[in-house]
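1. When you get a sec, could you give me coordinates for this:
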Amino acid sequence: MVMDVATLVLSTGISSSVLQPVAERIIALILLKYGKVCDYEDKLLKLEAKMLKLQCMVDDLENKPVSRCCGILVEKMRHTLLNVDDLFTYIEARVGASDYIEAKLKEQVTDMLDTLNYWCQEIEPLFVSERAKLSSSQTLRITGSCSFIDESKVIGREDEKEKVITWLFESQKEDDVDVISLVGMPGIGKTTVAQFVYNDPLVVSKFVLRMWVHVSKDYDVVKIMKLMLECATNKVCKLSHQDAIRNQVKLVLNKKFLLVLDDVCNEALYDWDGFKLLFRFAHPGSRVIITTRSKTVSSIVTSNDHESCLDILSDDHCWGIIKHSLRINVEQRQDLKEIGVKLAENCKGVPLVAKVIGDYLCTKSDKREWDNLLNCDILNLDNNLYDVLKLSYDHLPADLKPCFTYCSVIPQCHRVKEEDLIQMWAAQGFIRAQGARRIEDIGKEYFNELRSRYLLQKSSTGEVELHDFIHDLARLVSTGFCFCLDDMSRFLNVSSNVRHLCLLYQLDKPEVLVDLLKKCCTLTKLRTLKLVFHSVRPLSDLLESEHFGKLFRSFQLLRVLDLSGSGISKLSNLVGNNTNLHYLNLSGTLIKHLPDSICNLIGLETLKLLDGPSIRQWPSNFEKLIKLRHLDYPRQGNLNMPRALGKLTRLETLHTFVVKSEEGYEIGELEDMNCLCGSILIRGLENVTDLKKAEAAMLENKKFLDKLELQWDQQRVPTDQTMHDDQEVLRGLKPHSRLTELEIKGYHGVSLPDWLGNASCKLEKLVVNSCEKLDSLPSLHYLTSLKKLEIQGCPNLKSLPRSGLSSSLENLSISESGIEKQWCEQGGSEWEKIKSISTVEIDGQRIPTPASAIP
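-> Numbering: from 1, shown residues only. Just a heads-up that it's a prediction; the model follows:
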C-alpha cells in the first residue's frame, strides 16, 4: 500500500459515529433503567467521561497525517469502543435479570473501565506528540493548486471551456459581479477546466488583473483576501487586521479582474455574503469562477444559473490522456494498444485516473507490466489520486461519515434502493434523532447531502449507485470494519473485529457456499450480514441446512440481516435468538410461514417481505413487535395480514390494509396508527357496513399520509343496500386536508361526499375507477391544487360538475364512462368546462384545446 495505515484508521468518523451515541445511551440507561439507586452508576458515568476524553483527542487527530504507530493504536481503540457499544447493548437487553447476571454485568463494566483507562494512558502522550509535530510541520508545507497548465495535455474539455468563456463575456448589470461555478465529482477535471479558461489568450487580454486562490477545506475569508492581495501585488501580505486587509483588497479590485477560487469544499460558507460585499467596489465586467465538488456550495455562490456540472469523459478521451503521457509510440505496439484501450475503460471516465495510469506507464514497454495493471487496485498507484478522492470524505460532517463508509458493504455489482439503505443506516444507529422528526426524513437529508457531494448517485430506477472509484474509497476508509466475503476471498484471514459483512456467492458450487458460511460463523461481532447471490442453481436446501442455522447462534449482536433474493423457503426458528436485530429483509424469498420465534425480536423496526409469495401464516403474537416501524409486504394478490395490527402504533410503512369482518382485522384497527406515512391501500371496504365503523379508522388523524387508495370488491353486484352502505362508509373515511393523491375504486355510491370538494383540500391527483353507479361529481372548483383527474369505468356519469373544474387542472383523462368525446369538443356541452385544460383525453383520443396550444 502506498498510503499509510494511519490515514485509513483515522478517517472513519470515530468521534461522532461511535463515541457520542454510546455516551448518550449510557446517560439514558442510568436515568431510564437504573435511576439514582444503581450501585454502579458511578462506574457507568466514569466510563462515559473516559470515552468523551478519548473523543476530544481523536477529534483533534482525525484526518490529519499522523505516524503509523499512532494510527495503529487508534485503530485498536476504535474496536475497543465498539466493544463498549456492544456491552451496553448487552446490558440494555438484560436489565432486571437475575442477581447472578447483574453481578456479571458489573464485572464487565469494571473491566471495560480499566480498558479505557489503559487507552487514555496510551494515547494521551502520543496525542501531545503528534500535535506538536503537526504544528511544527504546517508552517513549512505549501500545498494546493496553481494557475499554470500545459494546455496541450487537456483532452475532452474544449466544450466546457468555451461555455465558461461565453459566460465570462455575457453582458449584465454594471454593478453585478457574475459568479460561475464548476461542479463535479473529485478527479473529474474542475481545476483543469478553470486553468484552461484562466490561461486562454482572450481571457488574459480582457482581464487586467487575474487572481488564483486555492481554498480547499479551510474556508477562511481573511486568508482568502490575503492570498488575493499576494496574487495582485506579488508581495507577501503582512497585514493582520481584517479591516486593513479589506481596505487593501478594495484598492486592487478597481481593475477589471478575474478571480478563481479553486476547490471550495467547506459548505459552511459562513461569511460568503460578507465576502461578496467586496465586489461592490469591483470594476464592471469583473468575474469570479469557483470550482467545487459540492452542489450545495454551487447553489449558494452561483449567479445567473451559470453552473457547469462536469460529466465523465468518453473512453476515447481517457485513452488520449494515457497516450499523451507515454514516451513510447504505442501505435506501433498493437499488443500494448489493446491493453491500453481496456485500461481506458477502467478509468470510468475520470481524467485524473487516466493521468495516473499514463504517468505510471510512462516509460514501461513490457507487456507484462501493462497486463498486471489491468488487475491492479489503481488507488494504490499514486498517493495523489487517493488524497484527491479522500478529501471529499474528510470534509463530510461526522454524522455522514459512517453512512458513507457503510456503503462499502454493498458490492459494486449489486444495487440497493434508497429507502433500504436509509433503513439500514437507521438500524445501525447512524442517524441521530432531531426532536420529533422522523428518522427516515433525517436519513433522506443525509442521502441527499452525500449525493450533492458526488459520493452517492441515484439511477433512473431509484437505486443507489457509487462510481467505481468512490466505492473503492468507501472500501478503503472502512478497512477492518466492513468486508465483502466472496468466492475468492474465502481463503483470506478475515479480522474477527469485522462488524459489517456482505457474503457474495457467484460460482454455483455448493461446497464454496458451505466454506463461506463456515467463515461467517467465526465473525461473532457482526452487526450486518447481507447475502448476495448470483447463482442459477436453487440454493434453498443448502441455506436451510445446519450450516445456515448456525449463523443465528453465532450473531448475538446482529442488527441488520438481509436475505433478500436468497430463494430460501423456510426461516430457521433460531432467528429469534438475534434479539438485537432491527432490520430483516426477506424479500425475493419463497417463505410462506414466519416462525413464532420472530416475535422475540422486540427491537425489530423493519420487516420486508416483497417480491415473493404472500405469507400464509403469521406468528400468533405478531403484535408483540411494538417497535416495528416498517412492514413491507405486497399490495395486491391473495393477501393474508397479521392480526391485531392496531397494537403496532409506531408503524410508519404499511402499504396495504385488508379489512375483514372478524375481530383483529376490522377497520377500527387503524384508529391509533397515526404514524402512518407515505401511501396506503385499504382493501375489502365492502366489509365495512356503516358510518360509525368507518369513522373508527380516524383517517383524518393520519397527518403524514400523502396518498390514499380506497378499494371495494369489484366483483360485487350492486344493490340498493350496497349503494347506501358505500355512500355512508366513504363519508366516514374523510382523510386529512393535506392529502395529495386519492383513488376510489369499486365504489357503489351514486355520489361522492362533500368533503371531496372542500376548499381546504390540497389534492393534486384524483382517480375515480370502476364506480358503476356514480352519476355525479361534487364541485371541484375549489380544489386549487388539483392537477390531474382520471375517471374510468363510470358508465352512469354523464357530465362533469356543473360549477366546472379547478383552474389548476392540467390533465383530464376519461375512459369507459358516460361522457362522450363529442361533448368535450368545441361547441359540445362540456367544452366550456375543459377548454382551459392543457391535456384532455377521452377514451384514449386527445382533444385539442386552446390551452394545449400554449407551449
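
2. And the helices in the stretch 101-250 of the chain, which stretches?
-> 158-168, 190-198, 201-206, 221-233, 242-252 (DSSP state H, counting those that start in this stretch).

3. Please identify the deepest-packed of the ones you listed.
-> helix 190-198 (a mean of 24; mean count of other CB atoms under 10 Å). Quick note: C-beta positions are derived from backbone N, CA and C, even for glycine.

4. Contact partners for residue 482?
-> Taking CB atoms under 8 Å, 6 or more residues apart in numbering as the criterion, residue 482 is in contact with 405, 406, 408, 409, 475, 498, 499, 500, 501.

5. picking that back up, okay if I get the helices of the stretch 101-250 of the chain as a markdown table plus mean pLDDT?
-> A markdown table is the format used below for the helices of the stretch 101-250 of the chain (pLDDT from 0 to 100):
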| stretch | mean pLDDT |
| --- | --- |
| helix 158-168 | 93 |
| helix 190-198 | 93 |
| helix 201-206 | 93 |
| helix 221-233 | 90 |
| helix 242-252 | 88 |
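
6. Could you say which one of those helices comes nearest to residue 449?
-> helix 190-198 (19.3 Å; CB to CB).

7. Direction-wise, compare the closest one with helix 158-168 and give the angle.
-> 60 degrees (axes from the mean of the first three to the mean of the last three CA atoms, to 10 degrees).

8. Give me the distance between helix 190-198 and the centre of its chain.
-> Between the centre of helix 190-198 and the centre of its chain there are 31 Å (CA atoms, centre = their mean, to the nearest Å).

9. Who are the packing partners of it?
-> helix 158-168, strand 178-183, strand 257-264, strand 287-292 (3 or more CB pairs under 8 Å, 6 or more residues apart in numbering; DSSP states H and E).

10. circling back: out of the contacts of residue 482, which sit inside strands?
-> Among the contacts of residue 482, the ones falling in strands (DSSP state E) are 500, 501.

11. Report the buried members of the contacts of residue 482.
-> 405, 406, 408, 409, 475, 498, 499, 500, 501 (16 or more other CB atoms under 10 Å).

12. In a markdown table, list the residues you listed along with distance to residue 755 and pLDDT.
-> Below are these laid out as a markdown table (distance: CB to CB, whole Å; pLDDT from 0 to 100):
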| residue | distance to residue 755 | pLDDT |
| --- | --- | --- |
| 405 | 49 | 93 |
| 406 | 45 | 94 |
| 408 | 50 | 92 |
| 409 | 48 | 92 |
| 475 | 54 | 89 |
| 498 | 56 | 90 |
| 499 | 51 | 91 |
| 500 | 49 | 93 |
| 501 | 52 | 91 |
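
13. closest to residue 379 among these?
-> Using CB to CB, the buried ones among the contacts of residue 482 come closest to residue 379 at residue 475, 9.2 Å.

14. rewinding a little: now render the helices and strands packed on helix 190-198 as a markdown table, adding distance to residue 739.
-> Listed next are these as a markdown table, based on distance: least, CB to CB, whole Å:
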| stretch | distance to residue 739 |
| --- | --- |
| helix 158-168 | 44 |
| strand 178-183 | 37 |
| strand 257-264 | 42 |
| strand 287-292 | 39 |
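
15. Can you say which of these is nearest to residue 639?
-> Across the helices and strands packed on helix 190-198, closest to residue 639 is strand 178-183 (CB to CB), at 46.2 Å.

16. Neighbouring strands of the closest one in the sheet, and parallel or not?
-> strand 287-292 (parallel), strand 307-309 (parallel) (DSSP bridges).

17. Can you tell me which of the ones you listed is most buried?
-> strand 287-292 (a mean of 25).

18. would you put the C-alpha positions of whichever helix or strand comes after it in CSV?
-> Going down the chain from strand 287-292, the next helix or strand is helix 295-301, by DSSP states H and E. Extracted in CSV, the C-alpha atoms of helix 295-301 (Å, rounded to 0.1, in the frame of the first residue of the first chain):
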residue,chain,number,x,y,z
LYS,A,295,-23.7,21.1,-5.3
THR,A,296,-24.6,22.8,-2.0
VAL,A,297,-21.7,25.2,-2.4
SER,A,298,-22.6,25.8,-6.0
SER,A,299,-26.2,26.6,-5.2
ILE,A,300,-25.0,29.2,-2.6
VAL,A,301,-22.5,31.0,-4.8
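
19. Could you list the residues in contact with helix 295-301?
-> 179, 181, 183, 264-267, 269, 272, 290, 292, 307, 449, 451-454.

20. swap in stretch 802-816?
-> Residues outside stretch 802-816 that contact it (CB under 8 Å, 6+ apart) are 779-795, 824, 832-834, 836-844.

21. Please flag which of these sit within strands.
-> 788, 789, 790, 791, 792, 839, 840, 841, 842.

22. From those, list the buried ones, please.
-> Buried among these by 16+ other CB under 10 Å: 788, 789, 790, 791, 840, 841, 842.

23. that older thread, okay if I get the strands paired with strand 178-183 as CSV plus mean pLDDT?
-> Listed next are the strands paired with strand 178-183 as CSV, based on pLDDT from 0 to 100:
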stretch, mean pLDDT
strand 287-292, 93
strand 307-309, 92
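
24. of all the ones you listed, which lies closest to residue 654?
-> Nearest of those to residue 654, taken as CB to CB: strand 307-309 at 38.6 Å.

25. Could you point out the helix or strand that follows the closest one?
-> Of the helices and strands lying after strand 307-309 in sequence (DSSP H and E), the nearest is helix 315-325.

26. Mind giving me the packing neighbours of that following helix?
-> Helix 315-325 packs on helix 334-346, helix 351-360, going by 3+ CB pairs under 8 Å, 6+ apart.

27. so of these, which one's packed in deepest?
-> helix 351-360 (a mean of 23).

28. May I see the buried residues of the next helix-or-strand element following that one?
-> Downstream of helix 351-360, the first helix or strand assigned by DSSP H and E is helix 367-374. Within helix 367-374, the residues scored as buried using 16+ other CB under 10 Å are 370, 373.
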